[in-house]
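Q: sequence first, predicted coordinates after that:
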Amino acid sequence: MTTHLLPDLADVSRRGDRVALRFGDTALTYRELAAVAAGTASRLAGLRRVAVWATPTAETCAAVVAALAAGVAVVPINPKIGKRELSHIVGDAEPDRVLAAPGAELPGELAGLPRIDVTLTPPAQPGPWPAEPPASTPAFIVYTSGTTGPPKGVVLPRRALTSNLDALAEVWEWTADDVLVHGLPLFHVHGLILGV
């Protein structure tokens with residue numbers, strides 16, 4: 001069973017120069033993604049949860065990876081969400097910050113939060129990869145569709161993610177050489193867990 005949620009980023013010695021993430025013409029190796037995420041993670045230390053403006057970009061993936069590395073719960077926000085739902089989610093989750101790509105225009109419900117722009121440029125002096133948080137640490141707070149009332153936040157601990165990834169790797173017979181092509185949105189639980 002996997003004990004680290006992001007083992008190939010925590011130890012880039014095995015796959016550091018392989019492409020970890022590709023969005024169109026943008027590609028980051030494991031080493032580059034680890035450096036970008038560690039740099040952003042250092043800015044998240046001590047926070048409880050962050051909202052991530054989940055556009056279909058490499059910056060969104062880097063933001064999610066950084067928060068997971070820091071042990072901070074990610075509240076993914078659908079960029080097409082309605083104002084009422086977004087207001088409810090922000091009020092319910094009470095994120096400490098919002099992470100977004102530079103230049104991304106945020107709705108008023110998020111604009112009042114302190115913002116961290118997530119870039120894909122590794123810091124000049126990458127810091128160390130953060131220590132692995134306990135398995136019970138919340139990884140995501142994913143909100144339901146709210147069909148019978150306001151959306152409800154579902155807290156997914158790190159152990160749920162590692163268990164799901166282990167099960168999928170076994171059932172789908174994934175190897176370290178496989179490349180995953182993923183098309184689901186990054187605010188959807190499947191898109192978050194498999195796409196990131």
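A: Good, I have the coordinates.
Q: give me the pLDDT value at the residue nearest to Trp53 when sequence neighbours are not counted.
A: Leaving aside its sequence neighbours, Trp53 sits nearest to Ala100 (C-beta to C-beta, 6 or more residues apart in numbering; 4.0 Å). To be clear about C-beta, it is placed using only N, CA and C from the backbone, and glycine gets the same treatment. For Ala100, the pLDDT comes out at 98.
Q: again with Ala169
A: pLDDT at Ala169 comes out at 75.
Q: what of Arg97?
A: 98.
Q: tell me the bridge partners for it.
A: Under DSSP bridges, the beta-bridge partners of Arg97 are Val50.
Q: can you tell me which residues contact it?
A: Arg97 makes contact with Leu44, Leu47, Val50, Ala51, Leu113, Pro114, Arg115, Ile116 under the criterion C-beta atoms under 8 Å, 6 or more residues apart in numbering.
Q: quick one, which of those are buried?
A: In those, burial by neighbour count holds for Leu44, Leu47, Val50, Ala51, Leu113, Arg115, Ile116, counting by 16 or more other C-beta atoms under 10 Å.
Q: look up phi and psi at Ala100.
A: phi -150, psi 160 (degrees, to the nearest 10).
Q: picking that back up, for the residue nearest to Trp53, grab the count of nearby residues.
A: Applying other C-beta atoms under 10 Å, we find 25 residues neighbouring Ala100.
Q: quickly note the distance from it to His182.
A: Distance of Ala100 to His182, given as C-beta to C-beta, to the nearest Å: 21 Å.
Q: give me the number of residues near Ala101?
A: Other residues close to Ala101 by other C-beta under 10 Å number 17.
Q: related to what we said a few turns ago, what's the closest of the contacts of Arg97 to Asn164?
A: Asn164 lies nearest to Val50 out of those, by C-beta to C-beta, at 21.5 Å.
Q: the closest one: what's it in contact with?
A: By C-beta under 8 Å, 6+ apart, the contact list for Val50 reads 44, 63, 67, 72-75, 95-99, 116.
Q: need those in TSV with distance to Thr162 and secondary structure, can you?
A: Below are these laid out as TSV (distance: C-beta to C-beta, whole Å; DSSP: H, G, I helix; E, B strand; the rest coil):
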residue	distance to Thr162	secondary structure
Leu44	20	coil
Ala63	20	helix
Ala67	16	helix
Val72	17	coil
Ala73	15	strand
Val74	15	strand
Val75	20	strand
Pro95	24	coil
Asp96	24	coil
Arg97	25	strand
Val98	26	strand
Leu99	22	strand
Ile116	26	strand
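Q: counting neighbours, which of these comes out on top?
A: Highest neighbour count within the contacts of Val50: Ala63, with 32 neighbours (other C-beta under 10 Å).
Q: identify the residues contacting it.
A: Contacts for Ala63 (C-beta under 8 Å, 6+ apart) come out as Thr40, Val50, Val52, Val74, Leu99, Ala100, Val118.
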